[in-house]
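Participant: need coordinates for the following:
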Amino acid sequence: MDMLIFEVGIAVALITLTGLISAKLRFSVIPFYILIGMAVGPHAPQIGIVDLRFIESSEFIEFMGRLGILFLLFYLGLEFSVSRLMKSGKAILTGGMFYVGLNFASGLLLGWFMELPLKETLVVCGIMTSSSTAIVAKVLVDLKRTANPETEIIMGMIMFDDLFIAIHISILTGLVLSGATSFLSVLLVSLSALLFIVLFLIIGRKCIKYIDKALNIKSSELFLLTVMTLLFLVAGFSETLHVAEAIGALMMGLVLGESRHASRIEHQIMPFKDFFGAIFFFSFGLTIEPSTLGGAVGMTVIAVILTIASNYGAGMIAGRLSGMSPRASLNVGFTLVSRGEFSIIMANIGKAGGLMASIQSFAVLYVLILAVLGPILTKESPWIYSQYARLRKRMRGKETG
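Facilitator: Below is the predicted model of the structure:
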C-alpha cells in the first residue's frame, strides 16, 4: 500500500503540534522540531496504520528538508542586501570581527583539545560561529528590544556573521564535498567558490535593472514562478561548479534584495521558508539516533562554556568600542548566544562529506542547549548584570574597608 502521502501528513501533524506547544511555552521552536524528529524514525513503533518509522517517506522528507535550506538562505539574502551590508560597515567591522574571531578560535581550541582531524575541526568551527538569525530576531521582537541602542550593533554583528557563514560554507564545500585531496586542489576549489560569490554579486548588481523589468509582472502566479525559476536555476548551477546549492540560493537572495520587488518576493517566499524550514529541522532530527548522543555530551558542555565566554568577550569589546554601557554590552553578547539553522547546515555538510558521525551528535546537543539557553540569557541579561555589579561593589567595599 502506498503510504507516502499519509506518512508526510503524519510528519506535518507532528511538526505542527510541537510548534503549537513551543508557542504556548514561548520558547524557540527550532529545538522542538529537532526533538520530535529524533523521537520518531527507525527506532519508533508502528501503531496500526500510523508508522512512526517513516521508512517509505524518509527520502522524500529529506528532499523537502533540502528545499528548506534553499528557502532559508534565499530569505536570508533578501533580508540583508549588499547595500545594507555597506551602510552598517562600522558596526560590522568592529563587533563582527571580534565575534567571529573569538568564536572561530573557540572552535579551533575545541578541535585541538578533542584531537579532531582538520576537516572535522573546521566544521566544528562553523557550527560554533554560526549564530541563529531566526532565534535572535524573534527574541529581539518578543522582548521589545528592537529600538534599543545596542540592537544596531547586534544586527551588524549578525550580518557580519552571516557573511562569514557564506564564505565558510563555500570553503567547507571545497574541502569536504568536492573530493579534493591535495592542498592545491582544495585551495583551487575554495577560491573558485569565492570567485563565484564575488562575480555573481557584481554581475547581479549590474543586472538588477533588467531583473526588475523582468519581474514587473501583475500575475502573482507568474511572478512567483519567475522567482522560483531564478532560485532553483542559480542554486542548481552553483552545485555544478562544486559550490553548495545553499550558497547559490543565498547569492540569488542577496541580488534580489536590491530589487524594488524585494518586499513582494519576501511576502511570497515566506510561507515556503516557514514550511520547508520546519521540515528541514524535523528531517535533521529524523537522521539522529538518540542512543548515539551520549558520546558527545563532554564535547558539547565544553563547547557551550566556550561559546558563552566568547560571546561575553565579543559583546563587551564591541560595546566598549561603540561607546555603550557595560549593561548594554552584556545584552549584545548574550543575545548572540543562540545557535540554530546554520549550525545544522554546517553539520549536514560534514555528514554529506562522510566525516565523523559524532559531529552530527555534537551539533544536535549543542544547538538544542543553546537554542534554549540563548533566549533565557538574553531575557535575564539585565538581572545577571545587576547581580554582577552588586557583587563587584561588595568586593570593592571589602578591599577598601
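
Participant: quick one, phi/psi of Asn216?
Facilitator: Torsion angles at Asn216 (phi, psi; degrees, to the nearest 10) stand at phi -80, psi 70.

Participant: how close does it sit to Met252?
Facilitator: Distance, Asn216 to Met252, using CB to CB, to the nearest Å: 18 Å. Glycine gets a C-beta too; all of them are placed from N, C-alpha and C.

Participant: settle it for me: which of these two has more neighbours?
Facilitator: Met252 (25 against 10; other CB atoms under 10 Å).

Participant: ok, then the element right after whichever strand or helix holds that one?
Facilitator: Remark: Met252 resides in helix 245-256, with elements defined by DSSP states H and E. Following helix 245-256 in sequence order, the next helix or strand is helix 262-286 (DSSP H and E).

Participant: that next one vs helix 245-256, what angle?
Facilitator: 160 degrees (axes from the mean of the first three to the mean of the last three CA atoms, to 10 degrees).

Participant: not counting stretch 217-226 itself, show me its contacts.
Facilitator: Ala214, Leu215, His261, Arg264, Gln268 (CB atoms under 8 Å, 6 or more residues apart in numbering).

Participant: how about stretch 251-269?
Facilitator: Contacts of stretch 251-269 (CB under 8 Å, 6+ apart): 71, 73-84, 166, 196-197, 200-201, 204-205, 207-208, 211-212, 215-216, 220, 223-224, 227, 230-231, 234-235, 238.

Participant: which ChimeraX command selects the buried ones in the residues you listed?
Facilitator: Selecting only the buried entries of the contacts of stretch 251-269 in ChimeraX, with 16 or more other CB atoms under 10 Å as the criterion:
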select :71,73,74,75,76,77,78,79,80,81,82,166,196,197,200,201,204,208,211,215,223,224,227,230,231,234,235,238
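
Participant: check which helices and strands the lengthiest helix in the chain is in contact with.
Facilitator: Secondary structure of the chain per DSSP state H: the longest helix is helix 358-400. For helix 358-400, the elements it packs on are helix 30-39, helix 118-129, helix 133-142, helix 297-321, helix 326-335, helix 341-352, judged by 3 or more CB pairs under 8 Å, 6 or more residues apart in numbering; DSSP states H and E.

Participant: looking at those, which has the lowest confidence?
Facilitator: Mean pLDDT is lowest for helix 133-142 among the helices and strands packed on helix 358-400, at a mean of 70.

Participant: can you give me the neighbour number for Gly294?
Facilitator: When neighbours are defined as other CB under 10 Å, Gly294 has 10 of them.

Participant: doesn't it fall inside a helix?
Facilitator: Yes: the assignment for Gly294 is a helix, going by DSSP: H, G, I helix; E, B strand; the rest coil.

Participant: for it, give me the pLDDT.
Facilitator: Value listed for Gly294 in the pLDDT field: 76.

Participant: now the helices for the stretch 51-200 of the chain?
Facilitator: Secondary structure of the stretch 51-200 of the chain (DSSP state H, counting those that start in this stretch): helices at 58-79, 82-87, 89-91, 97-113, 118-129, 133-142, 149-172, 183-206.

Participant: roughly how far is the fifth one from the heart of the chain?
Facilitator: What it means is helix 118-129. 14 Å (CA atoms, centre = their mean, to the nearest Å).

Participant: do the same with the fourth one
Facilitator: Offset of helix 97-113 from its chain centre (CA atoms, centre = their mean): 17 Å.

Participant: what angle do helix 118-129 and it make with each other?
Facilitator: Using the same axes, to 10 degrees: helix 97-113 against helix 118-129 is 140 degrees.

Participant: alpha carbons only: can I get helix 97-113 in PDB?
Facilitator: Coordinates of each C-alpha in helix 97-113 appear next as PDB, following Å, rounded to 0.1, in the frame of the first residue of the first chain:
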ATOM      1  CA  MET A  97      35.300  40.700  13.600                       C
ATOM      2  CA  PHE A  98      35.600  40.200  17.300                       C
ATOM      3  CA  TYR A  99      32.500  38.000  17.400                       C
ATOM      4  CA  VAL A 100      33.600  35.700  14.500                       C
ATOM      5  CA  GLY A 101      37.300  35.700  15.600                       C
ATOM      6  CA  LEU A 102      36.600  34.700  19.200                       C
ATOM      7  CA  ASN A 103      34.000  32.000  18.300                       C
ATOM      8  CA  PHE A 104      36.100  30.600  15.500                       C
ATOM      9  CA  ALA A 105      39.100  30.500  17.800                       C
ATOM     10  CA  SER A 106      37.000  28.600  20.300                       C
ATOM     11  CA  GLY A 107      36.200  26.000  17.600                       C
ATOM     12  CA  LEU A 108      39.900  25.600  16.800                       C
ATOM     13  CA  LEU A 109      40.700  25.200  20.500                       C
ATOM     14  CA  LEU A 110      37.900  22.600  21.000                       C
ATOM     15  CA  GLY A 111      39.100  20.700  17.800                       C
ATOM     16  CA  TRP A 112      42.700  20.700  19.200                       C
ATOM     17  CA  PHE A 113      41.600  19.600  22.600                       C
END
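
Participant: show me what it is packed against.
Facilitator: Counting contacts by 3+ CB pairs under 8 Å, 6+ apart, helix 97-113 is packed against helix 118-129, helix 149-172, helix 297-321.

Participant: so what touches the shortest one?
Facilitator: Spelled out, it's helix 118-129. The contact list for helix 118-129 (CB under 8 Å, 6+ apart) reads 100, 103-104, 106-108, 110-112, 116, 161, 164-165, 168-169, 171-172, 175-176, 303, 306-307, 339, 342-343, 346-347, 349-350, 353, 355-356, 359, 362-363, 366.

Participant: may I see the buried residues of that helix?
Facilitator: Using 16+ other CB under 10 Å as the test for burial, helix 118-129 gives Lys119, Glu120, Thr121, Leu122, Val123, Val124, Cys125, Gly126, Ile127, Met128, Thr129.
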